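Visitor: how would this look folded up:
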Amino acid sequence: MHIGTRKIGPTEPPLVIAEIGINHGGDLAVAKEMVRLAALSGCECVKHQTHIVEDEMTEAAKSIFPPNAPISIWDVMQNCALSLEDEIALKEYTESLGLIYISTPFSRAAADFLESIDVPAYKIGSGEADNLPLIRHIAAKGKPVILSTGMQTIESIRQSVEILEQSGVDYALLECTNLYPSPPEIVSLKGVTELKKAFPKAVVGFSDHSIGPEMALASVALGASILERHYTDSRYRKGPDISCSMDPAELRFLIDRSREIHTALHNEKQRTGPEEDVYRFARASVVADKDLPAGHTITEADIWARRPGDGAIAGYDFDKVVGKTLMTAVVRNQQLTWQDFKD
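Guide: Have a look, this model is predicted:
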């Protein structure tokens, strides 16, 4: 899978997506500062949310209050959405710093707007993971799609995945839990492996709403190729997503540690070159455990294996020595050699 020139998949370091979302509170200057600090943290990709409220919701949303906000979901989005002109400016600023800019369209109009400003990929949030007409509308644009799968089961997202596969677009599926923040009691790391097994054509990742980096980092060890977390310039801001957002220092930590885990994940089980010096002293060699005369036939009680490992007979050859006859006398703790024995 590619987003722009960035290759994404199991052989590549995880793509960490810093989701600004609505944390800027509708203020372009704040949003730009968040992007600037993300770039300084080594981030490659920033994600926004594109809300055209009138096309996204009906009037009934004015009486729906989300669990992480004291006002209606309509008012949350109305208050926090950037104007379309401001979003264009944010995209231009993000790309001027060398970052990838993507966004989540929550409506058909939002998707069409993002297409008009030539975003390189689309993110579909968990709330829209089974919105088949919207997924079909977005997939028809022919660009890569990242689909979060929170609140869904493997079976309930099959239709959505089928749309993506039939459209021929590259796509990724992100395991996700939609509680802000998500306690470990309901986070599913197992979901990463289940998505990989159920949808082998998909790039699989993890969209994290827990507190701290532990869950996201653990997902890398399970094969997650994309990590998405809410992001803010300061944890002291107010907003429905701030409690599960990382700040620039945490973003840097997540990027660095996820790359280290990815590197270690692909190392074979073997003794490496740098370990050779350690192996020479840490390994045991077979030694006499007492003074023994020439002509003595070795029993288990006569020998032992002790450091260092520079002797001729390694500890793993201990059993091969038992039953052999000494040609010359040896003393306790003398490292034995094959020349000490009769053929």
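
Visitor: would you confirm that Met34 contacts Asp233?
Guide: Yes. Here Met34 reaches Asp233: they are 4.7 Å apart, a contact under CB atoms under 8 Å. (C-beta placed from N, C-alpha, C; glycine too.)

Visitor: of those two, which one has the most company?
Guide: Neighbours were tallied for Met34 and for Asp233 using other CB atoms under 10 Å; the higher tally belongs to Met34 (26 against 20).

Visitor: which parts of the chain are helices?
Guide: Under the criterion DSSP state H, helices of the chain are mapped to 28-40, 53-56, 73-80, 84-96, 108-116, 132-139, 158-167, 190-198, 214-221, 248-265, 276-282, 318-321.

Visitor: Leu179: which of those helices is closest?
Guide: Distances from Leu179 to each of the helices of the chain were compared using CB to CB; the minimum, 12.6 Å, belongs to helix 214-221.

Visitor: any buried residues in that closest one, and which?
Guide: For helix 214-221, burial by neighbour count (16 or more other CB atoms under 10 Å) applies to Met215, Ala216, Leu217, Ala218, Ser219, Val220.

Visitor: show me what contacts the closest residue to the second one other than its chain neighbours?
Guide: Leaving aside its sequence neighbours, Ala216 sits nearest to Asp208 (CB to CB, 6 or more residues apart in numbering; 4.4 Å). Contacts for Asp208 (CB atoms under 8 Å, 6 or more residues apart in numbering) come out as Cys176, Ser182, Met215, Ala216, Ser219, Leu227, Glu228, Arg229, Cys244.

Visitor: burial check on the closest residue to the last one other than its chain neighbours, number of neighbours?
Guide: In space, and not counting its chain neighbours, Cys244 is closest to Pro181: 3.9 Å by CB to CB, 6+ apart. Number of residues near Pro181 (other CB under 10 Å) recorded here: 18.

Visitor: wait, Pro181 touches Ser243, no?
Guide: Yes. Pro181 is in contact with Ser243 according to CB under 8 Å; the separation is 5.3 Å.

Visitor: between those two, which contacts overlap?
Guide: Residues touching both Pro181 and Ser243 by CB under 8 Å, 6+ apart: Ile211.

Visitor: just checking, Met1 touches Lys7?
Guide: Yes. Counting by CB under 8 Å, Met1 touches Lys7, with 7.4 Å between them.
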